[in-house]
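Trainee: Here is the input, now give the coordinates:
(one chain, ligands or ions: 2)
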Amino acid sequence: MEADPPVSKRIDAHRADREPIIDVRGLCYRYPGAAQPTLRDLAFRIGEGEILGFLGPNGSGKSTTQRVLTGVLSGWSGEIRAFGESPPRLGAEFYNRIGVSFEFPNLYEKLTAEENLKLYARFFDGPTRPPSELLRELDLPVSDRRPAGQWSKGMRMRLVLARSLLNQPRLWFLDEPTTGQDPEHAVRIRELIRNRADQGTTVFLTTHNMVVAEELCDRVAFLFDGRIVALDTPQNLRLARPRGRAHVQARSEGRLELREFDLEDANEKRAFLDFVAAHQVETIHTQEPSLEQIFLDLTGRQLAAEPSGT
Ligand SMILES: Nc1ncnc2c1ncn2[C@@H]1O[C@H](COP(=O)(O)OP(=O)(O)O)[C@@H](O)[C@H]1O
Ligand SMILES: [Mg+2]
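Mentor: Ligands and ions are numbered 1, 2, ... in the order given. Model (predicted):
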């Protein structure tokens, strides 16, 4: 028997001859009664098994984009193609194929976790995964008799994630999937998402957390004020920026000095050269800009006040 070929997800995701799972062009959306549009001329594609991250500060339109793509909001303009259909037909067939995890834990608070999953499973036509398996996968207690409303916010959010996997979706929407989780659970959730994508699930993920974007996403769209201001792999986004800063560790008359220079600045560059000439250099590192720094450079805005890692 022949072994399965290795999963060449990253190559597949960018193969031009394959129809993307999601293809969006010129997407605009304005909430009824709002003075300004929330989404302005968005264009992006998501290939099969690819994780596309929408990274942007609060209020930039990430959740709105998810709501439009999942059919919660209508009245948008532009073109949306999903699973090869434009516009996507928002019937049972569509909802059987997608999983949606929301920004807030919208559960039946009076039911137990297992009851929540069993009830939700009834909405799908096809086979669904056993609740106990999903609860374990999200590190949740399997036979907890408490109503879900009594669980902590982090647990309820993980239950929403578990619920979004009931129907083994081909296309998985994740709105801020690690917000409110402790660092261990955040890591576990990132691994779970990565594993799903490696097995072919396509992921649309929104986040204001650059660790999530950087570690998890195959490509990242920077969303700012309803516009995509950059879209590429995290690596290409970094390479497109100047490798600005040099960290130098050097000795002078036996004394160790640590200095940092901005090599994009002509005066600092001269100071760097003088410093190197006058000292016995032990190490020089140039530092790649983080996605946070690149976002700041492009938009003048920080992603979030929240510490990263959540
Ligand atoms: N139901 C709504 N009605 C009117 N405006 C809304 C509604 N929901 C969100 N907005 C506005 O749309 C913008 C984008 O919101 P949202 O998509 O939630 O951003 P993000 O998820 O990036 O934080 C914000 O300015 C927000 O105030
Ligand atoms: Mg949001």
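Trainee: Give the residue spans of this structure that score low on pLDDT.
Mentor: Along the chain, the parts satisfying pLDDT under 70 run over 1-17, 243, 305-310.
Trainee: and if we set it to 80?
Mentor: Within the chain, the set of residues satisfying pLDDT under 80 comprises 1-18, 240-244, 287-288, 304-310.
Trainee: distance of the residue sitting furthest away from the middle of it from Gln280?
Mentor: In the chain, the residue that sits farthest from the middle, by Cα atoms, centre = their mean, is Glu253; the gap is 49.3 Å. Taking Cβ to Cβ, to the nearest Å as the measure, Glu253 and Gln280 are separated by 9 Å. Backbone N, C-alpha and C define where each C-beta goes, glycine included.
Trainee: same check, this time on Met155
Mentor: 55 Å.
Trainee: and those two? which has more neighbours close in?
Mentor: For Met155 and Gln280, the more surrounded residue by other Cβ atoms under 10 Å is Met155, and the numbers stand at 22 against 11.
Trainee: before we move on, what SS does Ala186 have?
Mentor: At Ala186, secondary structure determined by DSSP: H, G, I helix; E, B strand; the rest coil is helix.
Trainee: What sits closest to it if chain neighbours are left out?
Mentor: The shortest distance from Ala186 to any non-neighbouring residue, by Cβ to Cβ, 6 or more residues apart in numbering, is to Thr178 (4.1 Å).
Trainee: surely the one you found meets Leu192?
Mentor: No. Shown here, Thr178 and Leu192 do not form a contact pair, counting by Cβ atoms under 8 Å, at 10.4 Å.
Trainee: Counting neighbours, go ahead and name the busier of the two.
Mentor: Thr178 (27 against 18).
Trainee: For that one, grab phi and psi.
Mentor: phi -110, psi 10 (degrees, to the nearest 10).
Trainee: Please apply the same query to Pro32.
Mentor: Dihedral angles for Pro32 - degrees, to the nearest 10 - are phi -50, psi 130.
Trainee: Am I right that it is in contact with Trp76?
Mentor: No. Pro32 is not in contact with Trp76 according to Cβ under 8 Å; the separation is 11.8 Å.
Trainee: Settle it for me: which of these two has more neighbours?
Mentor: Counting neighbours by other Cβ under 10 Å for Pro32 and for Trp76 shows that Trp76 has the greater number, 22 against 6.
Trainee: Could you give the bridge partners of the closest residue to that one other than its chain neighbours?
Mentor: Leaving aside its sequence neighbours, Trp76 sits nearest to Tyr29 (Cβ to Cβ, 6+ apart; 4.4 Å). Beta-bridge pairing of Tyr29, defined through DSSP bridges, involves Leu39.
Trainee: Could you check how far Tyr29 is from Thr38?
Mentor: Using Cβ to Cβ, one gets 6 Å for the distance from Tyr29 to Thr38.
Trainee: try Leu296
Mentor: Counting by Cβ to Cβ, the gap from Leu296 to Thr38 is 22 Å.
Trainee: the more surrounded of the two?
Mentor: Neighbours were counted for Leu296 and for Thr38 using other Cβ under 10 Å; Thr38 has more, 21 against 14.
Trainee: now the more buried one: how far from Val68?
Mentor: Shown here: Thr38 relative to Val68, a distance of 9 Å by Cβ to Cβ.
Trainee: And for Leu138?
Mentor: Taking Cβ to Cβ as the measure, Leu138 falls 27 Å from Val68.
Trainee: just Asn58 next, same as before
Mentor: 18 Å.
Trainee: Asn167 now?
Mentor: Taken as Cβ to Cβ, the spacing of Asn167 relative to Val68 amounts to 21 Å.
Trainee: what's whichever residue of the chain sits closest to ligand 2 in contact with, if anything?
Mentor: Going by Cβ to the ion, ligand 2 is nearest to Ser63 of the chain, at 3.2 Å. Shown in contact with Ser63 (Cβ atoms under 8 Å, 6 or more residues apart in numbering): 103, 175, 206.
Trainee: again with Thr38
Mentor: Contacts of Thr38 were listed using Cβ under 8 Å, 6+ apart, and they are 29-31, 61, 64, 226.
Trainee: Quick one: buried ones out of the residues you listed?
Mentor: The neighbour count (16 or more other Cβ atoms under 10 Å) marks 29-30, 61, 64, 226 as buried among the contacts of Thr38.
Trainee: Relative to Phe54, which of the residues you listed is nearest.
Mentor: The shortest gap between Phe54 and any of the buried ones among the contacts of Thr38 belongs to Gly61, at 8.4 Å (Cβ to Cβ).
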